[in-house]
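Undergrad: fold the following.
(one chain, ligands or ions: 2)
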Amino acid sequence: MFSNAEIGIDLGTANILVYTKSKGIVLNEPSVVAIDMDSKNVVAVGSEAKEMVGKTPQNIVPIRPLKDGVIADYDVTAQMLKEILKKVSKVAGLSMRKPTVVVCTPSGSTSVERRAIHNAVKSYGAKEVHLIEEPVAAAIGSDLPVDEPVANVIVDIGGGTSEVGIISFGGVVSCRSVRTGGDKMDDEIIQYIRKHYNILIGERTAENVKMEIGFALIDHDELSMDIRGRDMVTGLPRTITITSTEVQDAIRESLEAILETIRTTLENCPPELSGDIVDHGVTLTGGGALLKGMQKWLANEISVPVHIAPNPLESVAIGTGRALKMINKLQKAAK
Ligand code: ADP
Ligand code: MG
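TA: Ligands and ions are numbered 1, 2, ... in the order given. This next block holds a predicted model:
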């Protein structure tokens, strides 16, 4: 029998992932589009567009339409989604006729924004579109027993936002979101180097520094790295050596903001569920979970066990795909 394609989309602030039931993750690209400002056309999406950041002629502008976890530009987001769906149908060789699509939207998005995403996917020809809350998708994709009446705590540290959610019995008991994440850390690194060295570095260099020698607030054996930027006094390119201790100092503020959000969520947890948290702990996911020392630092700060999801960059997409099965099951049961 012909079965329609089923697609799960993680619309992240930094990365978009697409999951299909038959093939798993079929697309994983940065949430960036490059726009030609003269014609207003989309020139590139995903990795191709990210490559252009900071390097394009003036009329080509790379945009991250979901940067802060809200949809800054509906038209651009809709175009990006369509291009992504086009790529998926090429890459996966799927029958894209009337697929059923589940989209995980940034938490904190408004009902107007959610409707806009719904409509953009629908206008591409989806048969059905379901939206799912991000903490639920993240928890499902991190293999947490979300159906059981126990507190599952998920901490998702993304690019533009970080979310802390407590899920029990398939629903969100409480959830908090901060507009802090990997992007903010990159920015803090840029500011630090500007202030201490009078050197301007680009976003991509800052992100590399964070991934290579960034540490959460733990003691560690110091690492160092050479980076290039523009000397703000002479205007000429210059190379400097920066240490992991300096980077740690630079990103302290965003790390503390994330910690504060976790603390507040745990403190406001219903008392019956607090006991579960002491036993089961907290699960970290999202790209920020990969920062060196994150697990150790948080476990020490919040005094409950901290686990890292099996695949932090993919758990929301996987969870979105698995949610599809649950939605099917529910619909069958309703018939
Ligand atoms: P979103 O869901 O918002 O799209 P992701 O979960 O994809 O975000 O995470 C993207 C963020 O994770 C980026 O800021 C990226 O720099 C950061 N990141 C990815 N890998 C690492 C790493 N190894 N160490 C530190 N940060 C990382
Ligand atoms: Mg995410």
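
Undergrad: what residues does the protein put near ligand 1?
TA: Contacts of the chain with ligand 1, taken as C-beta under 6 Å from any ligand atom, map to 12-15, 158-160, 181-183, 207, 210-211, 214, 286-288, 290-291, 313. (Glycine included, C-beta is placed from N, CA and C.)

Undergrad: which ones among those lie within helices?
TA: Among those, the members found in helices (DSSP state H) are G182, D183, E207, K210, M211.

Undergrad: quick one: mean pLDDT for the helix or strand E256 falls within?
TA: Assessed by DSSP states H and E, E256 sits inside helix 252-267. Averaging pLDDT along helix 252-267 gives 97.

Undergrad: how far does it sit from its chain's centre?
TA: Helix 252-267 sits 17 Å away from the centroid of its parent chain (C-alpha atoms, centre = their mean, to the nearest Å).

Undergrad: tell me what that helix is packed against?
TA: strand 152-157, strand 162-168, strand 171-178, helix 182-197, helix 294-302 (3 or more C-beta pairs under 8 Å, 6 or more residues apart in numbering; DSSP states H and E).

Undergrad: ligand 2 contacts on the stretch 101-250 of the chain?
TA: Proximity of the stretch 101-250 of the chain to ligand 2 (C-beta under 5 Å from the ion) is limited to residues G158.

Undergrad: swap the cut-off to 8 Å and go again
TA: C104, P106, E134, A138, D156, G158, G159 (C-beta under 8 Å from the ion).

Undergrad: pipe those residues into JSON lines and attach neighbour count per row.
TA: Formatted as JSON lines, those follow (neighbours: other C-beta atoms under 10 Å):
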{"residue": "C104", "neighbour count": "28"}
{"residue": "P106", "neighbour count": "23"}
{"residue": "E134", "neighbour count": "31"}
{"residue": "A138", "neighbour count": "34"}
{"residue": "D156", "neighbour count": "31"}
{"residue": "G158", "neighbour count": "31"}
{"residue": "G159", "neighbour count": "26"}
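
Undergrad: and whichever residue of the stretch 101-250 of the chain sits closest to ligand 2, what does it touch?
TA: Nearest residue of the stretch 101-250 of the chain to ligand 2 (C-beta to the ion) works out as G158 at 4.0 Å. Shown in contact with G158 (C-beta atoms under 8 Å, 6 or more residues apart in numbering): G12, T13, A14, G69, G181, G182, G286, G287, G288.
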